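[1] Sequence and predicted structure below; questions after.
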Amino acid sequence: MLVKKYDVAVIGGGPAGLAAALSAKEREPGLTVAVIERDKALGGILQQCIHNGFGLHYFGEELTGPEYANRFIERIKGSGVDVYLDTMVLELTPERRVVCVSAANGLMAIDAGAVVLAMGCRERTRGALNIPGTRPAGVYTAGCAQRLVNMEGLMPGKKVLILGSGDIGLIMARRLTWEGAKVVLVAEIMPYSSGLNRNIVQCLVDNGIPLKFNHTVTNIIGKERVEAVTVAEVDPRTRLPITGTEQTYECDTLLLSVGLLPENELTSAAGIDIDPVTNGAVVDETRQTSLAGVFACGNVLHVHDLVDNVSDEATLAGRAAAEYASGQASRQQTYAVKGVNGVRYTVPQRVHAGLDGKTDIYFRVGNAYRPATAVVRCGDTVIAKRRKQIMTPGEMEKITIDAALVTGDLTVGLEEVNPS
Ligand SMILES: Cc1cc2nc3c(=O)[nH]c(=O)nc-3n(C[C@H](O)[C@H](O)[C@H](O)COP(=O)(O)OP(=O)(O)OC[C@H]3O[C@@H](n4cnc5c(N)ncnc54)[C@H](O)[C@@H]3O)c2cc1C
């Protein structure tokens, strides 16, 4: 087996992996850095997101997904970072050996001074939902349909019902309408959307596509191909369908936009602690996981709605990986950060004591609130507060703390709330 050595090995060449590799190289230009990507091209999921709306925060302008990715790919070209395409990582060991396979090199091992995990996430499928009914053709995840339309030039169907109002489903409702299909309904089981508000307006409202909250799919009808889908209202408390509310929609396609799962098989197999809420690694403010020298960023860590936040997070992780690989690892004590009172999770879940400057804590709420105040406490002392007119589960929130005030475990919770 071919064995190579790199100071920093980055697994995944999407926006997270690219920003992490560039940041590692910029922090310590003398280090050797490699990106390992299973696809034939860099850019990750952005390559199929041909709509605009990317980069408003990071570049201060509106770009399409491929344009956003290309800015990083161009920088990678002249950076001295080695890129292994068409190369699938099979294993990460606790000793930071990255085992991968490719047609070009066969089985190869990379012994790395530090590793950055940037494998993104995958979509939940019909199997994860247990929808009753027959098993005809015409049931796709929204991201799969997006790839077919935007990259392969194929239409998945003509009359479409979408289950779930996550961002991918909303974007595909608009895309399929523009390509000549009829989107008969977007059904959402929750009383609110898990997508960005701007996508509800620009994708559904602007195109006259109906959205029903508290509704789910209860049956798929059709032998060879989907012929109709039954939708029922659910009890908002139990989420169970209410008998007698069923409505059947004639359609040939059902798209599922019901959540993303971080790709953490490598992470778990390496024995790294996983947060049961985010399904990503437990990390500190540098995005270091419970395994020293292994960092995580982007959708593999927690599902992001904006790629701009992915790039910021990956920059932190890449810089910290370079510092670790060049022997500047921090050894101070860490304290826990916990979401309470309506806050489902925080990233990071741990912070170091004795830091200088500011630290951003990202979090998601578990319900829609209009308005709410997010409060960070260290013991009984309030160390940061942020009031917002609206907080919803679909939008990731951020609160900045003065790191010098961290002298014990932290909680992030909502106060003065008004659930809506
Ligand atoms: C449909 C859709 C629409 C979106 N719309 C917007 C928008 O309008 N605006 C916005 O800002 N953001 C949007 N986003 C979010 C943004 O695209 C993501 O947050 C971002 O792409 C995540 O980057 P990532 O690098 O973590 O993951 P990815 O882009 O998924 O990249 C992960 C990479 O890792 C590789 N990989 C995984 N496992 C392995 C392995 N074992 N070995 C080697 N390589 C591996 C994958 O092939 C992939 O290339 C959208 C996302 C989707 C899916």
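    That came through, no problem.

[2] what about the residue in the chain sticking out farthest from the centre, which helix or strand?
    Going by CA atoms, centre = their mean, the residue of the chain most distant from its centre is Gly244, 36.9 Å out. When elements are assigned from DSSP states H and E, Gly244 belongs to no helix and no strand.

[3] Quick check: phi and psi at it.
    When quoted as degrees, to the nearest 10, the phi and psi of Gly244 stand at phi 100, psi -10.

[4] What confidence value was assigned to it?
    Model confidence at Gly244, given as pLDDT, is 96.

[5] for the one 4 residues further on, same thing?
    We have a pLDDT of 97 for Thr248.

[6] Ala232 is in contact with that one, correct?
    No. Contact between Thr248 and Ala232 fails when scored by CB atoms under 8 Å: they sit 10.0 Å apart. Any C-beta I mention is one placed from the backbone N, CA and C, and that applies to glycine too.

[7] which of the two has more neighbours?
    Neighbours of Thr248 and Ala232, each counted by other CB atoms under 10 Å, are more numerous for Ala232; the result is 19 against 13.

[8] The ligand versus that one, what's the distance?
    27 Å (CB to the nearest ligand atom, to the nearest Å).

[9] And the pLDDT at that residue?
    At Ala232, the model reports a pLDDT of 97.

[10] and after the helix or strand harbouring it, which helix or strand comes next?
    Following DSSP H and E, the helix or strand that holds Ala232 is strand 228-233. Following strand 228-233 in sequence order, the next helix or strand is strand 247-250 (DSSP H and E).

[11] Could you pull out the strands in the stretch 1-150 of the chain for me?
    Per DSSP state E, counting those that start in this stretch, the stretch 1-150 of the chain has strands spanning 2-11, 33-36, 52-54, 63-64, 82-84, 87-92, 97-102, 106-117, 121-123, 139-141. These are given in chain order.

[12] tell me the most buried of the ones you listed?
    For these, the largest average neighbour count (mean count of other CB atoms under 10 Å) is found in strand 33-36, namely a mean of 26.

[13] CA atoms only: put it into CSV for me.
    C-alpha atoms of strand 33-36 as CSV (Å, rounded to 0.1, in the frame of the first residue of the first chain):
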residue,chain,number,x,y,z
VAL,A,33,-1.7,20.2,3.0
ALA,A,34,-3.9,17.7,1.0
VAL,A,35,-7.6,17.7,0.1
ILE,A,36,-9.1,14.2,-0.6
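
[14] Who are the packing partners of that strand?
    strand 2-11, helix 15-27, strand 82-84, strand 106-117 (3 or more CB pairs under 8 Å, 6 or more residues apart in numbering; DSSP states H and E).

[15] The last one pairs with which strands?
    Strand 106-117 has these partner strands in its sheet, going by DSSP bridges: strand 2-11 (parallel), strand 97-102 (antiparallel), strand 294-296 (parallel).
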